[in-house]
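Chemist: Here is a sequence together with a model predicted from it:
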Amino acid sequence: MASESVKRDWSIRDFEIGKPLGKGKFGRVYLAREAKSKYIVALKVIFKEQIEKYRLQHQLKREMAIQTSLRHPHVLRLYGWFHDAERIFLILEYAHGGELYGELRRSGHLSEKQAATYIASLTHALAYCHEKHVIHRDIKPENLLLDHEGRLKIADFGWSVQSKNKRHTMCGTLDYLAPEMVENKAHDYAVDNWTLGILCYEFLYGVPPFEADSQADTFRRIMKVDLTFPSTPHVSAEAKVLITQLLVKDSAKRLSLENILKHPWIIMNADPNGTFPK
Ligand SMILES: CC(C)n1nc(-c2ccc(NC(=O)/C=C/C(=O)c3ccc(F)c(C(F)(F)F)c3)cc2)c2c(N)ncnc21
């Protein structure tokens, strides 16, 4: 699949469409199989009139170029894409394990081994994206999928940007926004470090740290970095130290991706091959 996927021009006739997997941004996504190789993929259908309505043609082209260029075990592959008169089709890696969010909701919170393994996987994936000058900026549980071995895959780059400098556009849901994004200030790669702190908290406690009844309260809690840790036996002191070192208002003072991977909590708990024993 990898070789011919980028070169040859695909069409809907090359695929047998299976069950709908869900409704994502701008359209549905289906399980599908490439007719010749029987290779299983996820096929995302995006309606052109939606893209035209929001004038997203250029951003979508840029997204497709970014995603087809990214090759990393924890970044969901975009193998290729094609279009017909009214639809654009994305040929995506199929994540058999579905949404990580489902796992978090079912269990309420993750074990420290699971949480540390996912944070390590995310950190590796973000280090790769940053060296390719891609800030993801929209990393939330709904965009994290699992493959058949429970390995994490970052997906849905609906709002990432190819950035060599600071960006000003708002995006994503509130709970995961770093202060500099809430203030609509210029921001850079360090927004992803903040988000890792948010996700680590949410994996361990089941809710994001600055959750509040209103958007205004969430903004206020983010700007104050109003971080409190419910007392619970299943979260170690080291985990709280890591979270505190990521949820730092001054983006230059957040723990770097490199130092996250050297953190005692990660070293002690993360499974090196990203799957951790069930
Ligand atoms: C439902 C279930 C949970 N599900 N969902 C997936 C899935 C994974 C990735 C995607 N990716 C995208 O939709 C990317 C979209 C863009 O990049 C984009 C679209 C329009 C724009 F305007 C733009 C813009 F940039 F122009 F704004 C960007 C979609 C579905 C999935 C899967 N692969 N395997 C198993 N289950 C899976």
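Modeler: Yes, it's here. Numbering: from 1, shown residues only.
Chemist: List the contacts of whichever residue of the stretch 101-250 of the chain sits closest to the ligand.
Modeler: Residue nearest to the ligand within the stretch 101-250 of the chain (Cβ to the nearest ligand atom): A155, separated by 3.9 Å. Every residue, glycine included, has its C-beta placed from N, CA and C. By Cβ atoms under 8 Å, 6 or more residues apart in numbering, A155 lies in contact with 76, 92, 95, 143-145.
Chemist: Against the ligand, which of those residues make the cut? List them.
Modeler: Contacts with the ligand within the contacts of A155, as defined by Cβ under 6 Å from any ligand atom: 76, 92, 95, 145.
Chemist: Tell me which of those residues fall in strands.
Modeler: Within those, residues falling in strands by DSSP state E are 92, 145.
Chemist: Dump the ones next to the ligand among the contacts of A155 to CSV, plus neighbour count and pLDDT.
Modeler: Listed next are the ones next to the ligand among the contacts of A155 as CSV, based on neighbours: other Cβ atoms under 10 Å; pLDDT from 0 to 100:
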residue, neighbour count, pLDDT
L76, 23, 95
L92, 24, 97
A95, 21, 97
L145, 24, 95
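Chemist: List just the nearest of the ones next to the ligand among the contacts of A155 to V45.
Modeler: Comparing the ones next to the ligand among the contacts of A155 against V45 with Cβ to Cβ picks out L92 as the nearest, at 11.2 Å.
Chemist: so the residue lying closest to that closest one once chain neighbours are set aside, which of the three states?
Modeler: Nearest non-adjacent residue to L92, counting by Cβ to Cβ, 6 or more residues apart in numbering: A42, 4.4 Å away. Classification of A42 using DSSP: H, G, I helix; E, B strand; the rest coil returns strand.
Chemist: Would you agree A42 is in contact with Y30?
Modeler: Yes: with contact defined as Cβ atoms under 8 Å, A42 counts as touching Y30 (7.1 Å).
Chemist: before we move on, the earlier item: what sits closest to the residue of the stretch 101-250 of the chain closest to the ligand if chain neighbours are left out?
Modeler: In space, and not counting its chain neighbours, A155 is closest to L76: 4.0 Å by Cβ to Cβ, 6+ apart.
Chemist: pretty sure that neighbour is touching N143, no?
Modeler: No: applying Cβ under 8 Å as the test, L76 and N143 come out as separate, 9.1 Å apart.
Chemist: List, one by one, the residues from the stretch 1-150 of the chain near the ligand.
Modeler: Within the stretch 1-150 of the chain, the residues that sit near the ligand (Cβ under 6 Å from any ligand atom) are 21-22, 24-26, 29, 42, 44, 46, 51, 56, 59-60, 63, 76, 90, 92-95, 98-99, 145.
Chemist: 5 Å instead?
Modeler: 21-22, 24, 26, 29, 42, 44, 56, 59-60, 63, 92, 94-95, 99 (Cβ under 5 Å from any ligand atom).
Chemist: Where does whichever residue of the chain sits closest to the ligand fall, secondary structure wise?
Modeler: Scanning the chain for the residue nearest the ligand gives G22, at 2.7 Å (criterion: Cβ to the nearest ligand atom). Element membership for G22 (DSSP states H and E) is strand 15-24.
Chemist: quick one: strands adjacent to that strand?
Modeler: strand 27-34 (antiparallel) (DSSP bridges).
Chemist: CA-only coordinates of the partner strand, as CSV, when you get a sec.
Modeler: This file holds the C-alpha atoms of strand 27-34, laid out as CSV (Å, rounded to 0.1, in the frame of the first residue of the first chain):
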residue,chain,number,x,y,z
GLY,A,27,-18.5,14.1,6.6
ARG,A,28,-18.6,10.4,7.5
VAL,A,29,-15.9,7.9,7.7
TYR,A,30,-16.3,4.2,6.5
LEU,A,31,-14.4,1.0,6.9
ALA,A,32,-13.2,0.1,3.4
ARG,A,33,-11.0,-2.4,1.5
GLU,A,34,-8.8,-1.8,-1.5
